[in-house]
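Enquirer: got a predicted model here, sequence first, then my questions.
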Amino acid sequence: MTTFPLAPNLAEALASQARERGAKTAYRSLPDGETEARTLTFAQLELQVRAVAAHLQRATRPGDRAMVLVSDPIDFVLAFLACQYAGTIAVPVYPPFPLNSQRKIDTLRAIGADSGTVAVLSTGTVDYRAAFTASAPELAALRWIAVDAVETYDATGYRPVGERAPDVSFLQYTSGSTSAPKGVVVTHEALAANEEYIRRAGRYDPATVIVSWLPLFHDMGLIGTLLPAVFVGLEAVLMPPLAFVQKPVRWLRAVERYGARVSGAPDSGYDLCLRRIPEQDREGLDLSGWEIAFNGAEPVRAATMEAFTRAFAPHGFSGRAFYPCYGLAENTLMVTGSRIGAVPPSVGVDLAALQEDRRLVTGGSHVLVSSGRPMEGRRLEIVDPATRLPVAPGEVGEIWSAGPDVAAGYWNDPEASEETFRAHLADSGDGPFLRTGDLGVLLDGELYVCGRMKDVVIVDGRNHYPQDIEATVEAAHPAVRRNCLAAFAVEGRDREELVVVAELDPAHRRADHGEVVRAVRAAVGGAHGVQPDTVLLVTPGSVPKTTSGKIQRRACRTAYESGALTPARPAPELEDAK
């Protein structure tokens, strides 16, 4: 395959694609997950982006921030790329749904205030501005541009920014799974470097097709599936997340229909396919061309990959397509990736040694899946977070990363930026490194991610990784709703206590609550050697999640301690039987 250097920024990349392959399809949109509504060639894309950028230039100056508040995939593309052309720093955000969700509107208000947003790119199809008039008047008062109302002839008003363009491409507000969202400053240099890593790791070329339902305001959807089209000249087929959630088979049908080499999801996306695609919907499905099924943003579970492979092998899917990877917004996106066409390595480890001694001892029944190897040009260290010294081989420590794609810091937060982005090893002084806040271990050059440092539960002096406990709870009883539970510690009278909050699956609403609690206690005690002090069953939708679907354990703990969680009530017939 021919290799080629990527452009230094999105604006130059798009202009180059429009010149060199203007008639080639860049994006297709499937608003309902099935019907192809809009298609843009690179020439059409570049023309429309210039038109939107012309409007944006009249409302902003280079370096100003503009919120990208768009749900339609194609309009999002136009809005985001117009920021790059206008020299405006894009701030992609999650469109509130429903429109009157005050919690989500409050998040937008906080992002708007922190970023100093002066304009909002949106659409006339969904009138967010009217919805914000009462609930977020400071946002409603900003300069608004309806992307879908811009005419292509407006492109004549665009003026190239040139040297006035800022070094920053966009602010990626983190999902806040362990803390309040922060604006990660992604520079053009870091973005181009990470896209080059992604291109090399996936062996992308202009013939590659990507299909995605991932949220475009989130780093994996934006950098992993949307922007490679512009940097590489490939084709991206996009559908809204809701279309996938409503009917997961739409994703797999689109992979087949468009001959996608590349598509992927967090573990929960593959799990949803297993639970929500009945056998009759799989008839005639052909996934034999799916070469890279990336799996990231959540803990990678061997059981999910094995079950997905068993279910879809009759339809051409190969387990060798799975591509576990690890990344985070602070590193722009990708840090490590697997080898194409190889079965992802996994290792059975002793859970007690992992939790108590932070050592990886092989031969146990607890399975860890590798998230791959660092790309060429990246330095990865596993470090004791207390001493800032590299740990011994096989020991668990904090993952530190260094490379040209590490973001510049947090917007307007120099103290947190210094602590997170400019760490140095205590012995050699090597650095700066990005402190990821994630715990991991390197084995034979492969990275195994163990969990978040801030989420570690310490009970009776022993360390427990909450995602391991949560996986045990999920398997304990069918009434426990998948990916809708949290394990965390709270301060008791004389020690930390383990709390498990789990939503009940609506399909099992008649389940005996006492039976579910007993099953959870027995499973956790047997697997982890610790008994939950509290098992709280709650109604669907009670466990807080980020906009990308990650469990917010700290927010859940806060809700638990304040009494804000709604306990599930037994079915009436069960109460009558008491």
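Expert: Good, I have the coordinates.
Enquirer: now the strands for the stretch 201-350 of the chain?
Expert: Using DSSP state E, counting those that start in this stretch, the strands assigned to the stretch 201-350 of the chain run over residues 209-212, 235-238, 262-265, 292-295, 322-327, 334-337, 346-349.
Enquirer: would you map the helices across the stretch 201-350 of the chain?
Expert: Secondary structure of the stretch 201-350 of the chain (DSSP state H, counting those that start in this stretch): helices located at 219-221, 228-232, 241-246, 249-257, 267-276, 302-312.
Enquirer: most packed of the ones you listed?
Expert: Using mean count of other C-beta atoms under 10 Å, the stretch among these with the largest mean neighbour count is helix 228-232, at a mean of 26. The way it works is simple: take the backbone N, C-alpha and C, and place the C-beta from them, glycine included.
Enquirer: show the average pLDDT along that one.
Expert: Averaged across helix 228-232, pLDDT comes to 98.
Enquirer: and this protein, what are its domains?
Expert: The chain breaks down into these structural domains: 42-166, 456-577 (assignment by automatic domain parsing).
Enquirer: output those in JSON lines; the columns should cover distance to Y326, mean pLDDT and mean neighbour count.
Expert: Putting the domains of the chain into JSON lines (distance: least, C-beta to C-beta, whole Å; pLDDT from 0 to 100; neighbours: other C-beta atoms under 10 Å) gives the following:
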{"stretch": "domain 42-166", "distance to Y326": "22", "mean pLDDT": "92", "mean neighbour count": "19"}
{"stretch": "domain 456-577", "distance to Y326": "14", "mean pLDDT": "86", "mean neighbour count": "18"}
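Enquirer: about what we covered before: any idea which of the strands of the stretch 201-350 of the chain is most buried?
Expert: Mean neighbour count, computed with mean count of other C-beta under 10 Å, is highest for strand 334-337 among the strands of the stretch 201-350 of the chain, reaching a mean of 28.
Enquirer: that strand packs against which elements?
Expert: Using 3 or more C-beta pairs under 8 Å, 6 or more residues apart in numbering; DSSP states H and E as the contact criterion, the neighbours of strand 334-337 among helices and strands are helix 188-202, strand 322-327, strand 373-374.
Enquirer: point out the most buried one among these.
Expert: That would be strand 322-327, which, of the helices and strands packed on strand 334-337, has the most neighbours on average (mean count of other C-beta under 10 Å), namely a mean of 26.
Enquirer: could you find the closest non-adjacent residue to T39?
Expert: Spatially, and ignoring its direct neighbours in sequence, T39 is nearest to R28 (5.0 Å; C-beta to C-beta, 6 or more residues apart in numbering).
Enquirer: next up, the contacts around the one you found.
Expert: Counting by C-beta atoms under 8 Å, 6 or more residues apart in numbering, R28 touches E36, R38, T39, E235, A236, V237, L238, Y258.
Enquirer: 10 Å - rerun?
Expert: Contact analysis of R28 by C-beta atoms under 10 Å, 6 or more residues apart in numbering lists 36-40, 73-74, 209, 211, 235-239, 254, 258.
Enquirer: again with E497
Expert: Contacts for E497 were tallied using C-beta under 10 Å, 6+ apart; they are V457, V459, F488, A489, V490, E491, Q531, P532, D533, T534.
Enquirer: ok, of those, which one's closest to E446?
Expert: When these are compared for distance to E446 (C-beta to C-beta), V457 wins out at 25.8 Å.
Enquirer: measure that closest one to K24 for me?
Expert: As judged by C-beta to C-beta, to the nearest Å, V457 and K24 stand 51 Å apart.
Enquirer: looking at this, the residue nearest to T39 is in a strand?
Expert: Yes: judged by DSSP: H, G, I helix; E, B strand; the rest coil, R28 forms part of a strand.
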